[in-house]
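1. Using only what follows, build the 3D model:
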Amino acid sequence: MTFVFNKTKLALASLLIVAAGLVADEWWGFARALDVWLLLGIPFAAYVVARRSSRQKLLIRKLGAAVGQSRTPMLIVDAEGFIEYVNQGWCALSQFSRQEVSGQRWVERITRTMPAEKVAQVRRLFAEGKTWTEDLELERKGGGRLSASVTCTPIRNPGGARGQIAGHILVFADRTELQRQAAEMRAARERAEAADRAKGVFLATMGHEVRTPLNGILGFSDLLLDTHLSAEQREYVLAIHTSGEALMQLTGDILDYSRAASGRLQIKPEACELRDVVEEALDITAPRAAAKKLQLLHDIAPGVPERALIDGGRLRQVLVNLVGNAIKFTPAGEVEVAVRVAEAHAGGTAGEEAPGTLALEFSVRDTGIGISAEDQPRLFRPFEQLDSSNARRYGGAGLGLAISYDLVRLMGGSMSVASEPRKGATFSFTVRCAPLETAGTKTRRLEGKRVAVVTREDSLRRELERELSAQGATPLAAGMENLGDDATAWDLAIVDCDETTLAHLHAYMMVPERWRGESTVGLIDVSLANDRRKILRPYFRALVSKPAHHRALIEKLARKQSADAGASADAAGL
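-> Below you'll find the predicted structure:
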C-alpha cells in the first residue's frame with residue numbers, strides 16, 4: 001500500500017515538472033514575439049497612420065483650393081453666424097474682400113438693404129438648423145444691390161454632442177441675369193400683345209369698311225340680274241356678283257382666323273333648332289350647287305334632338321364651309337349632309353361628356369375628286385393648298401377648313417376626313433350640346449296616304465321616301481309620263497321639276513282632267529328663272545325650292561290632306 005502511494009506521488013511530481021517546463025517555454029516564446037512586434041509593428045503602424053494623414057491633408061488642400069477658386073459664391077460661418085471664410089466667387093459677386101467681412105455676422109453684412117420682416121425670416125430659418133433656400137436682396141460694395149438665391153446647409157460636428165451644429169455653408173446664385181432676361185421677355189410679350197391688339201383692331205375695321213361696299217355690290221348685282229339683260233350683260237353681272245361673294249367670304253375668313261390665332265374666337269351656346277341650322281346652311285350653298293347641277297341632300301337621324309343648346313351660328317359656319325368645299329370640288333353628282341347621335345366611345349367623345357349633354361356627329365359626303373392619303377394631314381393647316389393649281393382653278397385662300405377645325409374644337413369635338421382619289425370625300429366632325437327637346441314620338445301627319453315620288457335622281461328619291469315613311473305615308477315610285485294614267489293609285493305627289501317636266505306638262509295641258517295639280521307639289525332649283533316659275537306655278541299646289549326643307553314639304557302635303565278632310569266633312573253635313 002505504501003509502495004502504491006509513493007508511486008502515485010512520484011507520477012504527480014513528474015507531471016508538475018513537465019508542466020512547469022511547458023509554461024517556461026510559452027513565456028519565452030511570448031517574450032520573443034513581443035520583441036519582434038516592438039521592433040517591426042510600431043514603425044509599420046506609424047507609416048500607415050502618416051500615409052493616411054498625408055492623403056487627408058492632400059484631399060483637404062484640393063477641396064480647399066476648389067472651394068476657394070470656384071466661381072460659385074460660397075460663405076462659411078460658425079454656429080453663432082460669424083463669417084469664417086469666403087471664396088473668390090463670393091468676393092467677385094459682392095465686391096467685398098475677405099478681410100472686410102471676416103469675423104462679422106453674415107446676416108448683418110449681407111442683409112442691410114432688406115426689409116425688417118425679411119431679415120427676421122432669415123434669422124428664424126438660420127436658427128432652426130435646417131437646410132433652406134430663399135431669394136434675397138443682398139448688399140454690394142459701393143451701395144449697389146443684387147438679387148441672389150441663397151441655400152444654407154448646416155454642418156454637424158461629428159466629434160461633439162449628437163446633432164450639434166458646428167457651422168453653416170451658404171451657397172449663392174446670382175439671379176440678376178435671370179431677372180434681366182425675364183424683364184426682356186415680359187417687355188417682348190407686351191409688345192407682341194400690343195401688336196396683336198393693333199392687328200385685331202385693324203382687321204376688324206378693315207372688315208367693316210370692306211363689307212359695306214361689298215354689300216352694295218352684291219345687292220345691286222342681284223337686282224340687276226332680275227332685269228332684262230342681254231346674254232353678254234348677264235355674263236358680266238354674274239362675274240361681278242361671283243367676285244363680290246368671293247371677297248365677302250375671304251373677308252369673313254380672315255377676321256375669323258385672326259380671332260382664332262389670338263384666342264379671341266368665342267363660342268356662345270343658345271337654344272336653336274338643329275334641323276333649321278342644317279337646312280339654312282344648305283340654302284346658303286344651294287345656288288352654287290344648282291349652277292353645277294348637283295343634288296344637295298340631307299338626312300337627320302331619328303335620335304337627334306329637335307332643339308339643343310349650342311352655338312348655332314358657328315355650327316352653321318362650319319357646315320357652310322364644308323358643304324361649300326364639297327360643291328367646289330365636285331364636278332357632278334351629289335353632296336349630302338347627315339346628322340346622328342355619336343355612338344359611345346366613338347371618336348373619343350363618349351365617356352367625357354358632362355351630365356345632360358350628348359355628342360352629335362355631322363358628316364358631309366360628296367362625289368368629287370377625292371383626296372389622297374398623304375395629302376389629308378395637311379388639310380387643316382391655314383393657307384394650305386394641296387395643289388398650287390387648285391388655287392387657280394377652284395379659288396379660295398385655304399382658310400375655311402382651318403377655321404372650321406378650330407370652331408369644332410372649341411365646341412368640344414374633333415374633325416376627320418375619309419377619302420380616296422376620284423371617289424369623293426367625307427368630312428366628319430363631332431360637337432357637344434345640351435338637348436332641350438328630345439326627338440320623341442312625332443305626329444305622323446300623312447298616316448295612310450299614298451305619295452307618288454317623281455324624280456330621276458335615286459338619291460333624292462331615297463331621301464324623300466325616308467321622310468314620307470317617317471310621317472306614316474306609303475311612298476310610290478312613279479314617272480312623269482304615266483303620273484296621270486291611274487289617278488286613283490296615289491293620293492299626293494311630289495314632282496322633281498327638271499328639264500323634261502315642261503314637255504310632259506304640255507302634254508297634260510291637252511287633257512287637263514288627267515292632271516291633279518291640286519294634289520301635287522313641285523320641287524324646283526333655287527336658281528330657276530322667274531319666267532319658268534310662272535309657267536310651272538298653275539300646274540302645282542305649291543312650288544318648293546331644292547334642297548327641300550322637310551317640315552315645309554310635309555306641311556304643304558298635309559295641308560292638302562286637311563283641306564280634303566274638311567271638304568268631305570262639309571259634304572257629309574249637307
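2. Just want to check the distance between G303 and A434.
-> 15 Å (CB to CB, to the nearest Å). Placement of C-beta: from N, CA and C, glycine included.
3. next one: Y539
-> Taking CB to CB, one finds Y539 at 46 Å from A434.
4. picking up where we left off before, G303 and A434 - which one has more neighbours?
-> A434 (16 against 12; other CB atoms under 10 Å).
5. tally of neighbours for E190?
-> That count, for E190 with other CB under 10 Å as the rule, works out to 10.
6. Over to W515?
-> The burial count for W515: 19, using other CB under 10 Å.
7. quick one, what contacts it?
-> If a contact means CB atoms under 8 Å, 6 or more residues apart in numbering, then W515 has 483-484, 505, 508-509, 539 as its contacts.
8. Closest one of those residues to G517?
-> Among the contacts of W515, Y539 lies closest to G517 (CB to CB), at 4.9 Å.
9. after the helix or strand harbouring A198, next one along is what?
-> Using DSSP states H and E, A198 falls within helix 176-225. With elements assigned by DSSP H and E, the helix or strand that comes after helix 176-225 is helix 231-261.
10. can I see the domain layout of the protein?
-> 1-69, 74-174, 266-437, 450-573 (automatic domain parsing).
11. JSON lines for the ones you listed, including mean pLDDT?
-> Formatted as JSON lines, the domains of the chain follow (pLDDT from 0 to 100):
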{"stretch": "domain 1-69", "mean pLDDT": "55"}
{"stretch": "domain 74-174", "mean pLDDT": "79"}
{"stretch": "domain 266-437", "mean pLDDT": "85"}
{"stretch": "domain 450-573", "mean pLDDT": "84"}
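12. mind checking how far R365 is from L247?
-> 29 Å.
13. Counting neighbours, go ahead and name the busier of the two.
-> Just comparing R365 and L247: by other CB under 10 Å the higher neighbour count belongs to R365, 20 against 16.
14. May I have the secondary structure class of that one?
-> Per DSSP: H, G, I helix; E, B strand; the rest coil, the local secondary structure of R365 is strand.
15. Kindly state the beta-bridge partners for it.
-> E336, T426 (DSSP bridges).
16. is it true that it touches T330?
-> No. Using CB atoms under 8 Å, R365 is not in contact with T330, being 10.1 Å away.
17. shared neighbours, the two?
-> Common neighbours of R365 and T330 (CB under 8 Å, 6+ apart) are G424.
18. these two touch, right, V337 and R316?
-> No. Assessed by CB under 8 Å, V337 is found out of contact with R316, at 11.4 Å.
19. can you list residues touching both of these two?
-> A281.
20. Just want to know which of those two has more residues nearby.
-> V337 (23 against 18).
21. ok now do the more buried one, which residues does it touch?
-> Per CB under 8 Å, 6+ apart, neighbours of V337: 278, 281-282, 297-299, 319, 323, 362-364.
22. So which of those residues is the closest to T133?
-> F362 (54.9 Å).
23. Same list, the domains of the chain, but as CSV with distance to T242 please.
-> Shown next, in CSV, are the domains of the chain (distance: least, CB to CB, whole Å):
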stretch, distance to T242
domain 1-69, 79
domain 74-174, 64
domain 266-437, 9
domain 450-573, 13
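24. mind checking which of these is nearest I254?
-> Nearest of the domains of the chain (CB to CB): domain 266-437, 7.1 Å.
25. How far does the closest one sit from its chain's centre?
-> Mean-position distance between domain 266-437 and its chain equals 17 Å (CA atoms, centre = their mean, to the nearest Å).
26. okay, how far is it across that domain, tip to tip?
-> One end of domain 266-437 to the other measures 25 Å (CA to CA, to the nearest Å).
27. ok, now stretch 289-301?
-> 23 Å.
28. rewinding a little: restricted to helices, list the contacts of V337.
-> 278, 281-282, 319, 323 (DSSP state H).
29. Adding distance to V107, write these out as JSON lines.
-> Output for the ones in helices among the contacts of V337, formatted as JSON lines (distance: CB to CB, whole Å):
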{"residue": "V278", "distance to V107": "74"}
{"residue": "A281", "distance to V107": "73"}
{"residue": "L282", "distance to V107": "78"}
{"residue": "L319", "distance to V107": "70"}
{"residue": "V323", "distance to V107": "74"}
